[in-house]
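Undergrad: Using only what follows, build the 3D model:
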Amino acid sequence: MNKSTFEEEINRTGNLVYTNVGDSMKPLIRQGKDLIVIEKVNGRLKKYDVPLYKRDSGQYVLHRILKVRENDYVICGDNRWQREYGITDRHIIGVLTAVIRDGKTLSADSIKYRLYVHLWCDFFPVRAFIVRAYNYLKRRFSK
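TA: Below you'll find the model as predicted:
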C-alpha cells in the first residue's frame, strides 16, 4: 500500500479524515479517539479557524488562529499557552471543518462549536494561566 502525504491526499480528494496525534488541541480533539476532517483551503483563513500546517522543520501541526496579520497568522493550540508567529499561507495545507466524536459530527459551522471557540479563545489569558498552572502542578506532583 502506498502512503501519501497530507498534501497529496488533500490535493487528490479535496479532504483528509484522520485521527490526531498529540494533545495540543484538547479538549476539542482527543488524541487517538476523535476523527478530524480537514478540507482544502479557499482563500485567506480567519480568526478562530484551525489550519493544518507544515512547519519549516517538516512537522505537521493543527492549531487555532488567534490573530490574522497582513503577512502571517498568530497561532496556538487549545491546550497550549505559547503563541506561534510567522505561519504564512505557504505553510497551510488545509483547514478543520469538523470533528467526529463517538460517531457524532461537530461541524466547525455549528453554534455549539462556535460557542466553545469563543469561550475558550476570548479568555486566552485566563486559559493560559490555567494551562500553565495545571502543567506546573502535574510536573511537581508526578515525581
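Undergrad: Against which helices or strands is the longest strand anywhere in the chain packed?
TA: Assignment by DSSP state E gives strand 92-101 as the longest strand of the chain. Strand 92-101 sits against helix 6-13, strand 15-19, strand 35-39, strand 51-54, strand 104-107, with contacts defined as 3 or more C-beta pairs under 8 Å, 6 or more residues apart in numbering; DSSP states H and E. Quick note: C-beta positions are derived from backbone N, CA and C, even for glycine.
Undergrad: Would you mind pulling the contact partners of the third one?
TA: Applying C-beta atoms under 8 Å, 6 or more residues apart in numbering, the external contacts of strand 35-39 come out as 6, 10, 14-20, 29, 52, 62, 93-100.
Undergrad: Identify the residues contacting the spatially most central residue of the chain.
TA: Using C-alpha atoms, centre = their mean, the residue of the chain that lies closest to the mean C-alpha position is residue 63, 2.9 Å off. Neighbouring residues of residue 63 by C-beta under 8 Å, 6+ apart: 24, 25, 50, 51, 53, 75, 76, 77, 78, 80, 84.
Undergrad: can you tell me which of those residues are in strands?
TA: Those of the contacts of residue 63 lying in strands (DSSP E): 51, 53, 75, 76, 84.
Undergrad: Let me have these in CSV, extended by neighbour count and pLDDT.
TA: Shown next, in CSV, are the ones in strands among the contacts of residue 63 (neighbours: other C-beta atoms under 10 Å; pLDDT from 0 to 100):
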residue, neighbour count, pLDDT
51, 22, 98
53, 25, 97
75, 25, 96
76, 20, 94
84, 17, 96
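Undergrad: What's the per-residue pLDDT of the residue lying closest to residue 14 once chain neighbours are set aside here?
TA: Nearest residue to residue 14 in three dimensions, chain neighbours excluded: residue 40, at 5.4 Å (C-beta to C-beta, 6 or more residues apart in numbering). With respect to pLDDT, residue 40 has a value of 95.
Undergrad: do residue 4 as well
TA: Residue 4 is given a pLDDT of 73.
Undergrad: count of neighbours near it?
TA: As a burial measure, residue 4 scores 12 neighbours (other C-beta atoms under 10 Å).
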